Each structure stands twice: as C-alpha cells, then as structure tokens.
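> could you work out the structure for the sequence below:
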Amino acid sequence: MAKNYYDILGVDKKASKEEVKKAFRVLAHKHHPDKTGGSADKFKEVNEAYSVLSDDKKRAEYDTYGRVSEGGGGAGGNGGQGFEGFDFSNFSDFGEGSSFDLGDIFGDIFGGGRQRQKRGQDISVDIELDFKESIFGVNKKIVLNKTSVCDHCKGSGGEVGTSFATCSTCNGSGLIRETRRSFMGAFSQTKTCDTCKGKGKVPREKCKKCKGTGITYGQQEINVQIPSGIESGEMLKVPGYGEAETSGVPGDLYVKIHVKKHPKIVKEGHNLIMDLNLKLSDALLGAEYDVETLDGNLKVKIPEGINFGEMLRLKGKGVPMGTAHRGDLFLKIKINIPKKLSKDTRKTIEELRKEGL
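Predicted coordinates:
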C-alpha cells in the first residue's frame, strides 16, 4: 500500500510549503536516532515524506498518482535507500537558541557526508557569428581572463624537481576530523585538510610562479568549435574551461551565441529560404538566373509560366545535418511589376489582353 506522506508529517493535503517544513523540523527533532526514544526508521520515513511534499513537481505527481516515479521516495521509488540525495542545509536553524548545520551532522550518521571534490566556478561569454558561420559551423578563438592550472608546476604547487613531504596536519590522509557540539550531543565532521588541500602531501619548495597554490590568473586563448545550424540565443557548454580550483576540478565555460541576420536569407529548421525577384517577361517565358547563395553563385533555371509565391527547391543547399546530409534551399518567387510602361509596351500588353492573357 502506498504511504500517506501527509499523515506521516501530520499535515493537511492543502498545507503550504512552510507548514510542511515546520512539521518536518519538529518530527526530525523528535525521531532523531541519537535522541532517547528516537528511531532511524521513523526518521527516514519522515525525511522521505518531506523530500516529496517539499518539491512542487514531486508533490503534484504524488497527489495525482499516489506515488513518485523518479526516485522521489514515493511508493515503488527509492525512498528507503538513505539520505544521499537529501539536502539538510536548509535546516541549519532548528529552533531558538540552536545553531548548527544538519547537513554536517546527518551526513556523518547516514553516510551522506562523503567529501565532494572542490569545483571551480563556471564562467560565461557572449560571441557573435555571421549568418554563414552559424549555418556551416566555425572554429572560434576566445580569449579568457581567468584562473587556470599553473603551467609551471602543472597544478602540483611544488617547484619543478622538488620532493614532497607527508602533511603533518592530516598525516597524509588529506582529511581532518572536527568535533562539534550541539544540544543533541557531540558530532564529528570530516573535512578537507586546509594545509595540503586534500593531497596528503606538501612540497618542500613551493612553485615560484603560483606560490604553491597550483593555479594562476591571466589570459588563456582557447578554440571553441561552433556546430553547424546553431541558433541565436543557444548556449554551448565547454567542460573544464571555467575557473580553476586549488586541488579541485575546474568549472565549465558557457558560450552564448548571437547570430547576425542575413539581408536575404532566413533559416527554418534545416532549410533556408530566400526571395528571388523575377522580371514579368522571365516569369512568363522562363529564364536562367545567377543566384548568390551561401554556397556561392548558382545558375537557376526558371520554368516558363511560374507564378508569384511559388517555391523553387535547390536540393542539398540548406543547413548541414551531420557530415553526409543537408537541408534544402527554397527560392520564393517574387515578380516585379513595372509601374510605368512605354507606349509600345502598353500596346503589346493590350494585344495580349485581347488574347485572354
């Protein structure tokens, strides 16, 4: 039978997010396993209920189907597998006079306190492309001002050729354990060693360029491959080219694309469309036109009797789709009607009108 999360938290089905949060705080305090009369199973059940009812999407799915399908803790989900996916950081204040981070405490108790590798900040840049570049793709050079891994010591923080000694602070483990006290008792937390930055070793001689940090700040030029058919406003993610982080992994670079409009051609999906202006006589009798396209000048045969608004299709002259296929280029026919006619021309047209043309 599916669990009733509202009953577990003791709230009404119409309860607000704040009411759900308040009920969770009270019950989490009551059933914490380290308290007298506490229960790990009950505590997990309370957490499972809160993880669903505090999330708008999961709550809507639970209200509709009585369960949550995407590991949200619903019936048939993975709610009983622990606390690895739950964020306790929102509950750093559990009541008047208390001030501690439940993320630290519950992480150590339930195995969710594993050290995460530090990660540098993401950065973003904007670049402008010509219309043709956006259609066929292009390799763009971008100059960034950011922190990068030191090219002298390769991020080790030690001078080239120096040896490394075991960190005396953490005894080579890269981690140190801190004990913190709260009204629930004493709790231990494992954190990265500040001396060796988690490496467990320190250089006997620090790098002269980065002063032992393993990172430097300055300009870096990178090449970004822009794929064919990209749209204005799209964002490209370039992993690992964000800000560097000491003893961690760099963030990512996000490139926002801005495409200049073409004066004659527009893009629709994988196809291109442009107007082709014809003289009236050419529309009636047919002709051959030189058309300037993104592939250069192409000769296009105009069939006789073509109508205004008709489309001529140039197969395979549109947007590339992979390496072997392309969309098409469509020429939309416009017919130029002369505003002034010579006497001879008017006489000729009047004769044509008599013939029913």
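
> just name the shakiest helix or strand of this protein by mean pLDDT.
helix 102-110 (a mean of 46; mean pLDDT, DSSP states H and E).

> next helix or strand past that one?
Downstream of helix 102-110, the first helix or strand assigned by DSSP states H and E is strand 123-129.

> which other helices and strands does that next one contact?
strand 138-149, strand 253-259 (3 or more C-beta pairs under 8 Å, 6 or more residues apart in numbering; DSSP states H and E). C-beta here means a position set from N, CA and C on the backbone, and glycine is covered the same way.

> averaged pLDDT, whichever helix or strand comes after that strand. What do you get?
Next in sequence after strand 123-129, counting helices and strands by DSSP H and E, comes helix 131-136. Averaged over helix 131-136, pLDDT sits at 96.

> ditto for stretch 295-311
On average, the pLDDT along stretch 295-311 is 94.

> any buried residues in it, and which?
Residues Val300, Ile302, Ile306 are the ones in stretch 295-311 that count as buried (16 or more other C-beta atoms under 10 Å).

> sorry, back to before: most tightly surrounded among the helices and strands packed on strand 123-129?
Most buried of those, by mean neighbour count (mean count of other C-beta atoms under 10 Å): strand 253-259, with a mean of 17.

> so, low pLDDT: which residues of the stretch 51-200 of the chain?
Along the stretch 51-200 of the chain, the parts satisfying pLDDT under 70 run over 69-117, 182-186.

> from Tyr65, how far out is Asn4?
Distance of Asn4 to Tyr65, given as C-beta to C-beta, to the nearest Å: 14 Å.

> correction: Glu205
As for Glu205, its distance to Tyr65 is 63 Å (criterion: C-beta to C-beta).

> same check, this time on Tyr50
Separation of Tyr50 from Tyr65 (C-beta to C-beta): 19 Å.

> show me the chain divided up by domain.
5-110, 115-160+210-261, 163-204, 265-354 (automatic domain parsing).

> ranges for the strands of the stretch 251-357 of the chain?
For the stretch 251-357 of the chain, the strands defined by DSSP state E, counting those that start in this stretch cover 253-259, 265-268, 271-279, 287-293, 296-302, 311-314, 320-321, 325-326, 329-336.

> any chance of those strands in TSV, plus distance to Ile123?
Shown next, in TSV, are the strands of the stretch 251-357 of the chain (distance: least, C-beta to C-beta, whole Å):
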stretch	distance to Ile123
strand 253-259	6
strand 265-268	29
strand 271-279	34
strand 287-293	37
strand 296-302	38
strand 311-314	41
strand 320-321	29
strand 325-326	34
strand 329-336	38
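
> those strands: which one's closest to Val238?
Smallest distance to Val238 across these (C-beta to C-beta): 4.1 Å, for strand 253-259.

> partners of the closest one in the sheet?
Strand 253-259 has the following strand partners under DSSP bridges: strand 123-129 (parallel), strand 235-238 (antiparallel).

> out of the ones you listed, flag the one nearest Gln189.
Closest approach to Gln189 among these (C-beta to C-beta): strand 123-129, 30.8 Å.

> buried set for that closest one?
Of all the residues in strand 123-129, those buried under the rule 16+ other C-beta under 10 Å are Ile123, Leu129.

> isn't Ala15 right up against Tyr6?
Yes: using C-beta atoms under 8 Å, Ala15 is in contact with Tyr6, at 7.3 Å.

> what residues are shared contacts of the two?
Listed as contacting both Ala15 and Tyr6 by C-beta atoms under 8 Å, 6 or more residues apart in numbering are Leu53.

> endpoint to endpoint, stretch 161-170 covers what distance?
End-to-end distance of stretch 161-170: 24 Å, with C-alpha to C-alpha, to the nearest Å as the criterion.

> typed the wrong thing, it's stretch 8-28
Its start and end residues considered, stretch 8-28 measures 11 Å (C-alpha to C-alpha).

> same question, stretch 147-162
End-to-end distance of stretch 147-162 (C-alpha to C-alpha): 24 Å.

> that one: how far from the chain's middle?
How far stretch 147-162 lies from its chain's middle: 30 Å, per C-alpha atoms, centre = their mean, to the nearest Å.

> name the residues of that stretch that are buried.
Thr147, Ser148, Val149, Cys150, Cys153, Gly155, Ser156, Gly157, Gly158, Glu159.

> export those as a markdown table, with columns for distance to Arg313.
Output for those, formatted as a markdown table (distance: C-beta to C-beta, whole Å):
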| residue | distance to Arg313 |
| --- | --- |
| Thr147 | 52 |
| Ser148 | 50 |
| Val149 | 52 |
| Cys150 | 56 |
| Cys153 | 60 |
| Gly155 | 55 |
| Ser156 | 60 |
| Gly157 | 62 |
| Gly158 | 65 |
| Glu159 | 66 |
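
> pick out the most distant pair among these.
Taking C-beta to C-beta, no two of those sit farther apart than Thr147 and Glu159, at 19.7 Å.

> list just the nearest of the buried residues of stretch 147-162 to Glu268.
Ranked by distance to Glu268 (C-beta to C-beta), the buried residues of stretch 147-162 are led by Ser148 at 41.1 Å.

> next up, the contacts around the closest one.
Neighbours of Ser148 in contact, by C-beta under 8 Å, 6+ apart: Ile215, Thr216, Tyr217, Gly218, Gln220, Ala244, Pro250.

> rewinding a little: compare the strands paired with strand 253-259 and give me the one nearest Cys210.
So among those, strand 123-129 is nearest, using C-beta to C-beta, at 19.5 Å.

> now find how far off-centre that closest one is within its chain.
Here strand 123-129 is found 14 Å from its chain centre; the criterion is C-alpha atoms, centre = their mean.
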